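Undergrad: This is the structure alone, sequence omitted:
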């Protein structure tokens, strides 16, 4: 059966690119200067870089339309805070605070350790901070309860006298005073108890809550707190201190971008060195040193133009975008190596326009396929609900487009000018005409620096590199041997099995501590917190969203059944609420509150005795309770995802209309969308990739294999990144979206070359494709890995994850492009004949 080719679009495009190549070859200076002018103009957008910076962690790393954000809006509207009655339990945001954890290898509840903690507490409260030529202390910015600063429960219990620790019987996890019930599990960590009485503890946590009416002033106090505690933490021999503030994560996150700035210069230096070495020829005329340098410059211009254009348009610049230049460098150099390879297969004796025309005919369709797939993958990734992913995909997608534009204009013009030098047989450095053969009057050493311009007299083409000859003479025949094909198939099955196993081991969610640098002080704080305060999790507020007759015994049964369902969850410890306390108060004072009249009569007196509960009740104009809330204490017995979803499901199953909320749910919401959104984005992109391949690769079978390679590489990268310790979060999602574009590059190049080969036998087609593009693909892969390898030593989880995933993508993409796909194309030779 005759072969079926879908080249109705590919063939006209090839003709158009041929014409473009000839035109650029005839007028190279136009296409050299125009991109420089354009990139200079667009680069002016970097003037607005500081204004466009948008590194707010909540905005960029949580779902834009997350459910918890709507729940927070309801809580804020229904239960507005009271500045004079601050309660950390009732905060609807992360709040404004400083905190420290004092630890000891032994019991910290000793006079010596407590005295050190008390001394540190005094220094913090008396710390003087400068602001607008004035000074202020903690008392001037602290959150207040009935006119006094909030205090630390444990220090209140011992009445700021360390000797009282020996006479106070501390009960855990709750300590009951005459006036209130204190959650001691928030203050004491690694506690050893005997019948609920504390025998020893290894950690004490103190909090210093601030008002939120003057952010500039409170930020100064927080910065002073960090400096003070950092200096004091090493002065005590009995305790070790770790510390953090409500702004620490944000401040430390903003340092991450600065930590890799110096790596850009190293990366581009490595890229230039590799490009020059890989394009270097012993022939002083045919060497492509200047083309290699211009290829690196072209990627720099692409980043300058892409970033500058978006900055001029006012697009937010998120720190994750800082990894884009490393990616663009790899893509640009990959295109450059393909174009150089195609140039070397043109006839040396042809004119420069004709040589560039032939180069564009062979190279630009392949480059267009990879660029289109890269760009589409990134633009489809813009549909992500995470701001950081959206920003990365937009900046990277536009930069990829500029990279392609400059590759076929600026780089093409550089190749044309370099071709003119070669046509005149001029030296690559001095541009002086040199002899093609060694003159008889000169020594052989003269040929090393002053002779060049030789070519194959039979084919009239440049002499091929040793690596290309290795692919043609050795690797191609080796790979297409029947026994090797069988081994390759077995290796692929093993690769797929390990990848699928890794996918099932994949963990979800971004640990906020990973946003800071490894050597950050908050890393120590989070580690200490996990070590000593890991038993108890967050205290979740539960809002009753309807008018409810709290006095009715029958209706109470519905509410209490809901509470029982919550408490039956393995990760719920206890419940705390105003109506429970009111009922205990009524029982203790022999009051009947089971009628509307008595309930409304006694409740105001109860709230007067317990004014904090006023913040938990929302009244209507006619004195009806239209909404209220209570609290449930959770335990660290399950994942955050399961805890949040379990509480929400329990609330939805209740006969009473309930809403559960905690400020941390804003970040936990990523768990509910990250997996589904990643799968949805990948499926969309794979379908688009298949359509693009069907349009531009003149063989349906090869297009299917390109789509297969994308899916296979994604499965491999996902599985192996899990085994390498990378979780599925908004950071890795960025890289997986990028992975889709990268994964198609090598397979598309080989598949297109396979289809375009004039050979008739499938084995010969595979060998021809490997001979033509094997070395450029290896060059492109190495250049990409070298472009990101410096990130492996970065102190930031974000950039290390970027390196790990790019390394896996390139490794598996190379494995598919040079091993799996060529073998599979030959195995399915019968299908190829049908196609």
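TA: Right, received. Where do you want to start? Only a predicted model underlies this, so the values are computations on that prediction, with no experimental measurement involved.
Undergrad: mind listing the strands for the stretch 501-650 of the chain?
TA: Assigned by DSSP state E, counting those that start in this stretch, the stretch 501-650 of the chain shows strands spanning 536-544, 572-577, 617-619, 625-635.
Undergrad: quick one: which of the ones you listed is nearest residue 765?
TA: With C-beta to C-beta as the measure, strand 536-544 is the member of those nearest residue 765 (60.1 Å). Just so you know, the C-beta spots here come from the backbone N, C-alpha and C atoms, and that holds for glycine as well.
Undergrad: That closest one: which residues count as buried?
TA: 536, 537, 538, 539, 540, 541, 542, 543, 544 (16 or more other C-beta atoms under 10 Å).
Undergrad: Same check on stretch 141-154?
TA: Buried positions in stretch 141-154, judged by neighbour count with 16+ other C-beta under 10 Å: 141, 142, 143, 144, 145, 149, 150, 151, 152, 153, 154.
Undergrad: hang on, the earlier thing: can you tell me which of the buried residues of strand 536-544 is nearest residue 397?
TA: Using C-beta to C-beta, those come closest to residue 397 at residue 538, 37.8 Å.
Undergrad: these two touch, right, that closest one and residue 661?
TA: No: if you go by C-beta atoms under 8 Å, residue 538 and residue 661 don't touch, sitting 10.4 Å apart.
Undergrad: helix or strand for the residue most central in space within the chain, which one?
TA: Geometric centre of the chain, nearest residue: residue 731, 1.3 Å, by C-alpha atoms, centre = their mean. If you go by DSSP states H and E, residue 731 is part of helix 730-756.
Undergrad: Following element in sequence after that helix, please.
TA: Counting by DSSP H and E, what follows helix 730-756 is helix 762-788.
Undergrad: For the next helix or strand after that following helix, which helices and strands make contact with it?
TA: Next helix or strand after helix 762-788 toward the C-terminus (DSSP H and E): helix 797-815. Judged by 3 or more C-beta pairs under 8 Å, 6 or more residues apart in numbering; DSSP states H and E, the packing partners of helix 797-815 are helix 248-279, helix 324-344, helix 700-723, helix 730-756, helix 762-788.
Undergrad: tell me the contacts of the nearest residue to residue 645 once chain neighbours are set aside?
TA: Distance criterion C-beta to C-beta, 6 or more residues apart in numbering; nearest residue to residue 645, sequence neighbours excluded, is residue 672 at 6.7 Å. The contact partners of residue 672, by C-beta atoms under 8 Å, 6 or more residues apart in numbering, come to 67, 641, 644, 645.
Undergrad: Quick check: the two most widely separated of the residues you listed?
TA: 67 and 641, at 13.0 Å, using C-beta to C-beta across the contacts of residue 672.
Undergrad: In TSV: the strands of the stretch 501-650 of the chain, plus mean pLDDT and distance to residue 306.
TA: Formatted as TSV, the strands of the stretch 501-650 of the chain follow (pLDDT from 0 to 100; distance: least, C-beta to C-beta, whole Å):
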stretch	mean pLDDT	distance to residue 306
strand 536-544	93	41
strand 572-577	91	50
strand 617-619	92	50
strand 625-635	93	45
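Undergrad: want to try TSV for those strands, with distance to residue 720 as columns?
TA: Output for the strands of the stretch 501-650 of the chain, formatted as TSV (distance: least, C-beta to C-beta, whole Å):
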stretch	distance to residue 720
strand 536-544	31
strand 572-577	37
strand 617-619	52
strand 625-635	34
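Undergrad: Nearest to residue 472 among those would be which one?
TA: strand 536-544 (62.2 Å).
Undergrad: Could I get the contacting residues of the nearest residue to residue 665 once chain neighbours are set aside?
TA: Once flanking residues are discounted, residue 665 sits nearest to residue 68: 3.7 Å by C-beta to C-beta, 6+ apart. For residue 68, the contact set (C-beta under 8 Å, 6+ apart) comprises 661, 665, 666, 668, 669.
Undergrad: avg pLDDT for the host helix or strand of the third one?
TA: Residue 666 is part of helix 665-696 when elements are defined by DSSP H and E. Here helix 665-696 scores 82 as its mean pLDDT.
Undergrad: now that helix against helix 730-756, angle please.
TA: Taking axes from the mean of the first three to the mean of the last three C-alpha atoms, to 10 degrees, one finds that helix 665-696 is oriented at 10 degrees with respect to helix 730-756.
Undergrad: got the angle for helix 665-696 vs helix 700-723?
TA: Using the same axes, to 10 degrees: helix 665-696 against helix 700-723 is 160 degrees.
Undergrad: roughly how far is helix 665-696 from the heart of the chain?
TA: 15 Å (C-alpha atoms, centre = their mean, to the nearest Å).
Undergrad: returning to what we had before: nearest to residue 524, of the strands of the stretch 501-650 of the chain?
TA: Using C-beta to C-beta, those put strand 536-544 closest to residue 524, at 20.7 Å.
Undergrad: what's the spacing between that closest one and its chain's center?
TA: 29 Å.
Undergrad: by contact count, what packs against that strand?
TA: Other helices and strands packing on strand 536-544, by 3+ C-beta pairs under 8 Å, 6+ apart, are helix 67-78, strand 625-635, helix 640-653, strand 658-661.
Undergrad: can you list the ones you listed in a markdown table and add distance to residue 374?
TA: Listed next are the helices and strands packed on strand 536-544 as a markdown table, based on distance: least, C-beta to C-beta, whole Å:
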| stretch | distance to residue 374 |
| --- | --- |
| helix 67-78 | 32 |
| strand 625-635 | 44 |
| helix 640-653 | 32 |
| strand 658-661 | 41 |
